[in-house]
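**Student:** sequence below, structure please.
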Amino acid sequence: MLISSATQANPVTQANQASTASTASNSLDTAINPNGQLNSNSFLQLLVSEMQNQDPLQSSSGGSSGTSGTQFITQLAMFSMLQQMTSMAQTDQSILNSQSISSGAEMLGKQVTLNDGNGGNVSGVVSAVALNNGSAEVTVNNQAYPVSDITNISQ
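**Tutor:** Residues are numbered from 1 along each chain as shown. The predicted model follows:
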C-alpha cells in the first residue's frame, strides 16, 4: 500500500485508512446477496460503512479519501430513487397478478381448448383458477395449465 508523505505524518489518518479499507471490504462481502448481486440493502450497507469510516481530519471538499457532502446527498438521492423504483416494480407485479387472476376467473365454467405442451390439444371445462409464481393457471380435467396456453374459449 503506497502512502503519501502527508498521510505518513498523521498516524490517525493511516489507521483510519486501514480501517476504512478493511471495513469496506468486509461490508462489500456482506452486502452482496446470495445470488452475487447488489440490492438496495447492499447499497445502504455500503453507504453506512462509508459514513462510519470517514476521516474527520480530511476536508469535506472532496479530498482523496473523503466523500464530500454533495456526494453523500447524491448517494442518498440515488438510494431514494432505488427504493421508489423497487416499490413501483412491486406495485406493477401486484397489478399484473390481479389482472391475470381476473382473466382466469372469467373462464370458470367455460369450455376451453388449450395446448397441452406436447404438441396436442386438450378440451374441457375450466374448474379452477390459481396464481402460481405470478402466472395465472386454469384447471381443466384436473390438470393445471397456464392461461397463455388457451387457444379457444366457448360457452
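**Student:** going by C-alpha atoms from here, please, whenever you check contacts or count neighbours.
**Tutor:** Will do.
**Student:** ok, residues contacting the longest strand along the chain?
**Tutor:** When the chain is scanned for its longest strand (criterion: DSSP state E), the result is strand 121-132. Residues outside strand 121-132 that contact it (C-alpha atoms under 8 Å, 6 or more residues apart in numbering) are 97, 100-101, 104-105, 107-116, 136-142.
**Student:** paired strands for it, with orientation please.
**Tutor:** Strand pairing for strand 121-132, using DSSP bridges, gives strand 111-115 (antiparallel), strand 135-140 (antiparallel).
**Student:** which stretches of this structure have low pLDDT?
**Tutor:** 1-36, 55-69 (pLDDT under 70).
**Student:** list the residues that contact residue 141.
**Tutor:** Contacts of residue 141 (C-alpha under 8 Å, 6+ apart): 124-127.
**Student:** distance of residue 119 from residue 70?
**Tutor:** Going from residue 119 to residue 70 by C-alpha to C-alpha, to the nearest Å gives 60 Å.
**Student:** out of these two, which sits in the busier spot?
**Tutor:** The residue with more neighbours, out of residue 119 and residue 70, is residue 70; 12 against 6, by other C-alpha atoms under 10 Å.
**Student:** list the buried residues of the helix or strand hosting the more buried one.
**Tutor:** Residue 70 is part of helix 69-105 when elements are defined by DSSP states H and E. Across helix 69-105, burial judged by 16 or more other C-alpha atoms under 10 Å covers 79, 97, 100-101, 104-105.
**Student:** just stretch 110-128 next, same as before
**Tutor:** By neighbour count on 16+ other C-alpha under 10 Å, the buried set for stretch 110-128 is 111-116, 122-128.
**Student:** next, format those residues as TSV and append distance to residue 50.
**Tutor:** Listed next are these as TSV, based on distance: C-alpha to C-alpha, whole Å:
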residue	distance to residue 50
111	61
112	59
113	59
114	56
115	55
116	55
122	60
123	61
124	61
125	60
126	57
127	57
128	53
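**Student:** which among the residues you listed gets closest to residue 83?
**Tutor:** residue 128 (36.4 Å; C-alpha to C-alpha).
**Student:** partners of the closest one in the sheet?
**Tutor:** residue 139.
**Student:** rewinding a little: mind checking the strands paired with strand 121-132 for the one nearest to residue 43?
**Tutor:** Comparing the strands paired with strand 121-132 under C-alpha to C-alpha, the one sitting nearest is strand 135-140, at 30.6 Å.
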